[in-house]
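Student: below are the sequence and a predicted model; questions follow.
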Amino acid sequence: MSHGKLRENKTCLNCGHQVEERFCPHCGQENIESRHPFYYLFTHFIEDFTHYDGQFWGTLKNLMFKPGVLTNTYLEGKRQKFVPPVKLYIFVSFITFFVFALFPLINLNFDGTKEQHGPDKASVFEKMKSLKTHKILDSIKAKPILTQEDSITIKSLNALPDSTKIDDLEEALEMGNKIDENVQYGGYKTKKSYDSAAAKNPSIFDFIQIPIAHKFFELKERGVTKGEIAKNLTATSFHNLPKALFIYLPLFAFFLWIFHSKKKWWYFDHGIFTLHYFSFLLLNILFVFLIGKLTSLTHIGVINSILYIILCVLLIYSIAYFFIAHRRVYHTHGVVSFFIGGLLFAINFFTFMILVVGLALVSFLMIH
């Protein structure tokens, strides 16, 4: 519930009806003062999701631990008990990608430059080298008696790649080098020669091949390094990911619509199922991301082992969740539900991979 101050005037500012208590009986607007401190913008947003009746927390609980319940409840017409599907998806998307932006899992410094300003600015390769610290190994081996935790820690550190191998990888990738002048695209070294050949031999794929070729030659002429391309491509892909997921929502619902009775299930019903499932996936991805961050911050073997087990459980649960939710919502027989669910899962995985490739191409074209 909002904590805004009630107005002394009992006339609703929205519709003009008399308001005896807090909310207008005609339009439902809260009869509180219309001017507030700046922080009210943020507190009001949070209150919309975490207000006193526990709607938000009940929604999260059912979303995470009771697959299909939210969809069934909504389709039964009980729509005040939980957060509406669209509102839930938008909120979860905002929180997930906001956290991703604040705490990137890896530093995107691929350029191989030597100018570093602290551990957070180190390149990916430098961070890989720093993971295997001899100080940790020496301190453990110096103990008279090794515990089980010490043994696990030693094994995990020894499993990491050697610094020499990392150096070879960094050198092989040549992330700090520019695109060599002799490097060709489609057998051509310059944009002019490529355009000339494309004009003589047009193709139905020219609508995508020509822009990619032009971008390649543009980056080559500008002397952009491989590391800069990788960094910009990763950053651009990340920013485009929410758009890709939003675009894929109706496609996911469409595949559900194809495999189920058109008389019993409307496309709208599949859309509700999709919104709830995607909200769950985003939350699950967020938890995996945060646990991944924790594993990079601790070097205690037992804790890391527990975190890795949790990661595996979450990944398996994210797959099993779909089958459980599908059976509960569509009320199909176990074998039939598993077969249809497996087919849908495979089709969606293949289609989403195509979308990811398309996203990568778009991200490449957006590099500047």
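Tutor: Right, received. Where do you want to start? Numbers count the residues shown, from 1 in each chain.
Student: phi, psi for His331 please.
Tutor: Main-chain dihedrals, His331, degrees, to the nearest 10: phi 50, psi 40.
Student: sorry, wrong one. I was asking about Leu241.
Tutor: Taking degrees, to the nearest 10, you get phi -60, psi -50 for the backbone angles of Leu241.
Student: show me what contacts it?
Tutor: Neighbouring residues of Leu241 by CB atoms under 8 Å, 6 or more residues apart in numbering: 97, 359. (Each C-beta comes from the backbone N, C-alpha and C, glycine too.)
Student: for the one 5 residues further on, same thing?
Tutor: For Phe246, the set of contacting residues under the criterion of CB under 8 Å, 6+ apart consists of Ser93.
Student: shouldn't it be within a strand?
Tutor: No: assigned with DSSP: H, G, I helix; E, B strand; the rest coil, Phe246 falls outside any strand and is helix.
Student: measure it to Leu275 for me?
Tutor: 11 Å (CB to CB, to the nearest Å).
Student: shaky segments in the chain?
Tutor: 1-4, 34-54, 104-183, 226-227, 235-239 (pLDDT under 70).
Student: picking up where we left off before, give me the common contacts of Phe246 and Leu275.
Tutor: Counting by CB under 8 Å, 6+ apart, no residue touches both Phe246 and Leu275.
Student: all helices of the chain, in order?
Tutor: 40-50, 55-65, 69-75, 85-102, 124-131, 134-141, 148-158, 163-173, 191-200, 206-222, 226-258, 267-297, 301-330, 334-365 (DSSP state H).
Student: now tabulate those in CSV and tack on distance to Glu33.
Tutor: Output for the helices of the chain, formatted as CSV (distance: least, CB to CB, whole Å):
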stretch, distance to Glu33
helix 40-50, 10
helix 55-65, 25
helix 69-75, 34
helix 85-102, 25
helix 124-131, 52
helix 134-141, 59
helix 148-158, 58
helix 163-173, 61
helix 191-200, 63
helix 206-222, 54
helix 226-258, 36
helix 267-297, 34
helix 301-330, 44
helix 334-365, 46
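Student: most neighbours per residue, which of those?
Tutor: Counting by mean count of other CB atoms under 10 Å, helix 69-75 has the highest mean neighbour count of the helices of the chain, with a mean of 20.
Student: what residues does that helix touch?
Tutor: Helix 69-75 is contacted by residues 59, 62-63, 81-82, 84-85, 269, 272-273, 276, 325, 328-329 when judged by CB under 8 Å, 6+ apart.
Student: phi, psi of the residue lying closest to Tyr330 once chain neighbours are set aside?
Tutor: Once flanking residues are discounted, Tyr330 sits nearest to His260: 6.2 Å by CB to CB, 6 or more residues apart in numbering. When read as degrees, to the nearest 10, the backbone of His260 gives phi -130, psi 160.
Student: what's the burial count for His260?
Tutor: 20 (other CB atoms under 10 Å).
Student: how much space is there between it and Ala346?
Tutor: Separation of His260 from Ala346 (CB to CB): 17 Å.
Student: ok, now Ile324?
Tutor: Taking CB to CB, one finds Ile324 at 18 Å from Ala346.
Student: check Thr225 too.
Tutor: Distance from Thr225 to Ala346, counting by CB to CB: 39 Å.
Student: domains in the protein, by residue range?
Tutor: As assigned by automatic domain parsing, the chain contains the domains 1-52, 55-111+224-368, 112-174.
Student: check contacts around the closest residue to Asn232 other than its chain neighbours.
Tutor: Once flanking residues are discounted, Asn232 sits nearest to Ile367: 4.5 Å by CB to CB, 6+ apart. When contacts are counted by CB under 8 Å, 6+ apart, Ile367 touches 215, 219, 229, 232-233, 236.
Student: any idea which of the residues you listed is closest to Gly68?
Tutor: Nearest to Gly68 out of those is Thr236 (CB to CB; 35.9 Å).
Student: verify the contact between Leu275 and Leu249 for me.
Tutor: Yes: if you go by CB atoms under 8 Å, Leu275 and Leu249 touch, sitting 7.1 Å apart.
Student: the nearest residue to Cys24 once chain neighbours are set aside: what's it in contact with?
Tutor: Among residues not flanking Cys24 along the chain, Cys12 sits closest, at 4.2 Å (CB to CB, 6+ apart). Shown in contact with Cys12 (CB under 8 Å, 6+ apart): 18-19, 24, 26-27, 29, 31.
Student: quick check on Gln80: phi, psi?
Tutor: phi -100, psi -10.
Student: next: His17.
Tutor: Main-chain torsions, His17, degrees, to the nearest 10: phi -80, psi 160.
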